[in-house]
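Engineer: For reference, the sequence and a predicted model appear below.
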Amino acid sequence: MRKLLLLALALAPVLSFAQGFQVNLEGQKQIGMGHTGTGILQDGASVFFNPGAVAMLPQNYVQAGISPIFYKSDFNPSGTSVQDHNANKIAYPFTFYGVWGPKSACWKLGLGVYTPFGGLNYWGNTWQGKYVLESLDLKAIYFQPTLSIKLADFLSVGAGFVYNRGSVDLTQAIPLANGSGQPGQAELKGTGKGYGWNAGIYIKTESGVTIGITHRSQVTTTISNGNAIFNVPASLQSSFPQPNTFNSTIPLPAINSIGFGFYPCSKWVLALDVNLVGWDIYKTLSFDYASNTPALHDTHSPRNYQDAVSLRGGAQYKANANMALRFGGGYASTAVRDGYVTPEAPDANRVYVTGGLGYTLAKHLDLDVSFEYEHLMKRTQTNIESQLAGTFETNVYIPGISLAYHW
Amino acid sequence: MKTIRLHIYIIAGLLLLGACKPNIDTPKPSHGSADFTRYIAVGNSLTAGYADGGLYLAGQMVSYPSIIGKQMQSVGGGAFSQPLFSTTQANGSGYLSLTGFNPNGTPITTPVTTNLAITGQQAIPGFGNVTLYAKYSGEINNYGVPGIKLFHITYAPYGNLNGYYERLLSGNEGTHTTAYLDFVTAKPFTFFSNWLGNNDALGYATSGGAGDVLTDKNTFAQLYGLLISKLTANGQKGVVGTIPDVTSVPYFTTITVGAILGAVQKANPAAQALFINALVSGTTYAPRPATAKDLIVLTFPTSMIGQPVSTPYGTLPYGLTPYSPIDNQYVLDQNEIALTEDYINSYNATIKSIAATNGLAVFDAYTFLNNIKQNGLVVDGVSVNSGYISGGLFSLDGVHLTPRGYAIVANEFIKAINGKYGSSIPAVNISDYNGVKFP
């Protein structure tokens, strides 16, 4: 009759989803110029940057690129001199674009396959926040068929349909020790899908300045019947039934952009982009388990994100007929309010600088390399939900390479 | 050749990236105005690392003084030694282990009886049998002695009455004459923690007010003043802990009158009430129906309820009539609780006032544990509360703490020390410490 209530074991897997998961690596030429591209024409990556500009491209394109991310986070728990570093794991965002239209036609078709959101962060199973997160591997791959039409010599429009295939694999320790004192572990693993669209306008003004305006819609990605795997001491397994599944919905935010291109002389291109990211939609994160027990409730974690802004600028200098040098940089405000910062992608205001080199390998073949360094400002936080208290700081290093064939 | 060189450059570049970890600058560790060269811990079972109804090596290893001592080492603290049991006698006094759950969800605990450090028993005239343990003769920084009261610290023969103290003393059982206060202050030290006094109230409470007495308030104040004056005799600084509210521990809150009565009524819907032998006033006890304000101890064998017992009024079911009430030793009734709380409040007023007079840091365990009882606590994603087993804070005996509980307490002591003396003893990582172990 010793009444044992295991209610208190309620588990709250907390997957946050933040600006930190927005991957701004959608084309090497554009990365080199501070990830600008809404208001200028470079190559097939316009399918992502501005579907409205695609019809203005002088040629047809097939191109692919990859930008490995070295994401280096450090956590200093409050009141200690401990430095918890995340593990060296490399994520590989990639891009593929195809653009085609008859030379004489006023339209072009495009296809983009790219990774606008994702995250890979392994903190391991010994750090202070292991009961919040051990590891996260999150990917969103967008497939985007696009049609763009040139309405006049100075104006083109375009739109695309987006299909998102997302996957998530999250692990966290469960504070239930087995006979040898080792904690349990939860793993949530699943794939999901979502749909959206985007559209853009591209204008060449009489002054020579080019302007692009785009809207990329919210893509609500639903993970259904993901695997919920709970590894707990045998005597508690019945409280964490296996097999079990979960459903969750992650809204990937809408993004409105405006971009400008300036051409002071034939060798120089200057670009400026402004993005408004609608993270405000992200109020709660819920996990709905197929089998609930008194110890395993559905969870609803508040997120209360705020809209974020990013400002980007870049330049390209055409050194000679075969070579272009690029550089740029930008600033992005955080979507995560104080008290909601989590280790998945410890978000903060960020600055970045980029550089790039374009080289014409052969008549129809461009090789582009890019490098980006991003710094997330130091942010000292106590998370409202987990009470994990400390300072996060992150540096990100992103080399990248792409090949573009055009004709 | 050229491509090989290119590869080397790429690999070198990637290695370079691997080295570019951010590092967050932290303030230089400081001992502030305190000196942690030799820190000693004075206290009872909580200080010794007692858990799960016993003192054993794994518990000693995570005692809060050992955690504090280790954390102090980055701010000038010296080595911290404890009177550990040997690895071959790692299970010390023996302890309870959780071995499963009954179908109704109640836990099954089993005593661990192998690899003990028990060396025998000796009858002490006028006292009774004392269990003896393997002696420890090395360095000691942790002077925690399970069972000791503040009341005992000047009592010279105490070493003969408590096997946990006896094992620290040289000489044979029955011949000890060193009072605890003299023992702990014999060797110079620079900093102390003191968490004595719990047993002066808890001994009475855990025996349902039947097996022990509350230490007189004035005696407590006089002894506490003496203790602190000795501990600070050479200007040492230190930290003291207050005494937790007895009703904040699961030993008293797990088995409730309502739960027992509910189970009785399932079998016998006519049952109206449980009967207890309750304190009226002074030393007068009388049977009355139990209410939710009476606390049943965790060790009460609930199977006794309803068993036939012979009384002057015939054979009656145990606990269900005024003539066959639940024995006093299993119940801390409402008046006993009020009495205990009155004493604890007085003890704590004494502790805080003497600490203030001497400029000592205070860990207010009373407030801290009551707050957890009310609101729970979340630390680094781990939720703890005062619940038995599931709460993660209290060990299987319902009074002493789990490793997680002791680590949390260590951080509270550290916080108090840093706050008082301007030191920066680093906090310990609570995530490294487990709660109750499940099979």
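Structural biologist: Thanks, I have the structure now. Numbers count the residues shown, from 1 in each chain, chains lettered A, B, ... in the order given.
Engineer: How many residues are close by residue 88?
Structural biologist: Because you didn't say which chain, this covers chain A. A count of nearby residues for residue A:88, using other CB atoms under 10 Å in any protein chain shown, gives 13. All C-beta spots, glycine's among them, are computed from the backbone N, C-alpha and C.
Engineer: Chain B was what I was after
Structural biologist: There are 9 residues near residue B:88, going by other CB under 10 Å.
Engineer: before we move on, what about residue A:386?
Structural biologist: Count around residue A:386 with other CB under 10 Å applied: 22.
Engineer: Not including adjacent chain positions, what is the nearest residue to it?
Structural biologist: Using CB to CB, 6 or more residues apart in numbering or on different chains and skipping residues adjacent in sequence, the residue nearest residue A:386 is residue B:381, 4.0 Å away.
Engineer: Quick check: end-to-end length of stretch B:100-118?
Structural biologist: End-to-end distance for stretch B:100-118, by CA to CA, to the nearest Å: 27 Å.
Engineer: which residue sits closest to residue B:232, ignoring its sequence neighbours?
Structural biologist: Sequence neighbours aside, residue B:358 is the residue nearest to residue B:232 in space, at 5.4 Å (criterion: CB to CB, 6+ apart).
Engineer: so what's the residue nearest to residue A:386 up against?
Structural biologist: A:14, A:129-132, A:172, A:175, A:386-388, B:431 (CB atoms under 8 Å, 6 or more residues apart in numbering or on different chains).
Engineer: Distance to residue B:117, pLDDT and secondary structure added to the residues you listed, as TSV?
Structural biologist: As requested, those are arranged in TSV below (distance: CB to CB, whole Å; pLDDT from 0 to 100; DSSP: H, G, I helix; E, B strand; the rest coil):
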residue	distance to residue B:117	pLDDT	secondary structure
A:14	44	46	coil
A:129	38	93	coil
A:130	34	94	coil
A:131	34	93	coil
A:132	39	90	coil
A:172	39	91	strand
A:175	31	92	strand
A:386	40	89	coil
A:387	39	91	coil
A:388	39	92	coil
B:431	31	94	helix
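Engineer: now, among these, which is nearest to residue A:195?
Structural biologist: residue A:14 (26.3 Å; CB to CB).
Engineer: isn't residue A:402 right up against residue A:66?
Structural biologist: Yes - taking CB atoms under 8 Å as the definition, residue A:402 is a contact partner of residue A:66 at 7.3 Å.
Engineer: Looking at those two, which one has more neighbours?
Structural biologist: Set residue A:402 next to residue A:66 and count neighbours by other CB under 10 Å: residue A:402 wins out with 26 against 16.
Engineer: check contacts around that one.
Structural biologist: For residue A:402, the contact set (CB under 8 Å, 6+ apart) comprises A:27-29, A:63-66, A:95, A:367-370.
Engineer: I'd like to know how many residues surround the nearest residue to residue A:154 once chain neighbours are set aside.
Structural biologist: Counting by CB to CB, 6+ apart, residue A:204 is the residue found nearest to residue A:154 once chain neighbours are left out, at 4.5 Å. The number of residues packed near residue A:204 is 18, by other CB under 10 Å.
Engineer: if I read this right, residue A:204 contacts residue A:210, doesn't it?
Structural biologist: Yes - the criterion here is CB under 8 Å, and residue A:204 meets it with residue A:210 at 5.3 Å.
Engineer: Run through the helices of the chain in chain order.
Structural biologist: Let's take chain A. Here chain A has its helices, by DSSP state H, at A:28-32, A:46-49.
Engineer: right idea, wrong chain: chain B
Structural biologist: With DSSP H, the ranges of helices along chain B come out as B:2-19, B:45-48, B:57-61, B:64-72, B:163-166, B:180-184, B:198-206, B:217-231, B:250-253, B:257-267, B:334-357, B:365-375, B:403-421.
Engineer: picking up where we left off before, quick one: common contacting residues for residue A:402 and residue A:66?
Structural biologist: With contacts defined as CB under 8 Å, 6+ apart, the residues shared by residue A:402 and residue A:66 are residue A:95.
Engineer: Just checking, which helix or strand of the chain averages the lowest pLDDT?
Structural biologist: Picked chain A for this. None of the helices or strands of chain A scores lower by mean pLDDT, DSSP states H and E than strand A:299-302, at a mean of 82.
Engineer: Paired strands for that one, with orientation please.
Structural biologist: Here strand A:299-302 is paired, per DSSP bridges, with strand A:284-289 (antiparallel).
Engineer: backbone phi and psi for the residue nearest to residue A:386, please?
Structural biologist: Backbone torsions of residue B:381, given as degrees, to the nearest 10, read phi 80, psi 0.
Engineer: Of the contacts of residue B:381, which is the nearest to residue B:317?
Structural biologist: Out of the contacts of residue B:381, the member with the shortest distance to residue B:317 (by CB to CB) is residue A:175, at 42.1 Å.
Engineer: Please name the residues that touch that closest one.
Structural biologist: Residue A:175 sits next to A:131, A:183-184, B:381-383, B:392, B:404, B:434-435 when contact means CB under 8 Å, 6+ apart.
Engineer: Can you add distance to residue A:296 and give those back as CSV?
Structural biologist: CSV is the format used below for those (distance: CB to CB, whole Å):
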residue, distance to residue A:296
A:131, 16
A:183, 16
A:184, 12
B:381, 16
B:382, 16
B:383, 14
B:392, 17
B:404, 21
B:434, 20
B:435, 18
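Engineer: gap between the spatially closest residue to residue B:305 that is not a sequence neighbour and chain A?
Structural biologist: Nearest residue to residue B:305, sequence neighbours excluded (CB to CB, 6+ apart): residue B:319, at 4.7 Å. Noted for residue B:319: a distance of 12 Å to chain A, by CB to the nearest CB, to the nearest Å.
Engineer: Near residue A:206, how many other residues are there?
Structural biologist: 6.
Engineer: Could you pull up the residues touching it?
Structural biologist: Going by CB under 8 Å, 6+ apart, residue A:206 touches residue A:154.
Engineer: Please report phi then psi for the nearest residue to residue A:400 once chain neighbours are set aside.
Structural biologist: Nearest residue to residue A:400, sequence neighbours excluded (CB to CB, 6+ apart): residue A:67, at 3.4 Å. Dihedral pair for residue A:67: phi -140, psi 80, per degrees, to the nearest 10.
Engineer: So residue A:67 versus chain B, what's the distance?
Structural biologist: According to CB to the nearest CB, residue A:67 stands 13 Å off from chain B.
Engineer: ok, the residue lying closest to residue A:253 once chain neighbours are set aside - contacts?
Structural biologist: Nearest residue to residue A:253, sequence neighbours excluded (CB to CB, 6+ apart): residue A:278, at 4.3 Å. Each residue near residue A:278 by CB under 8 Å, 6+ apart is listed here: A:218, A:253-256, A:307.
Engineer: which residues in the stretch 101-250 of chain B form strands?
Structural biologist: Here the stretch 101-250 of chain B has its strands, by DSSP state E, counting those that start in this stretch, at B:107-112, B:118-124, B:128-133, B:191-195, B:237-241.
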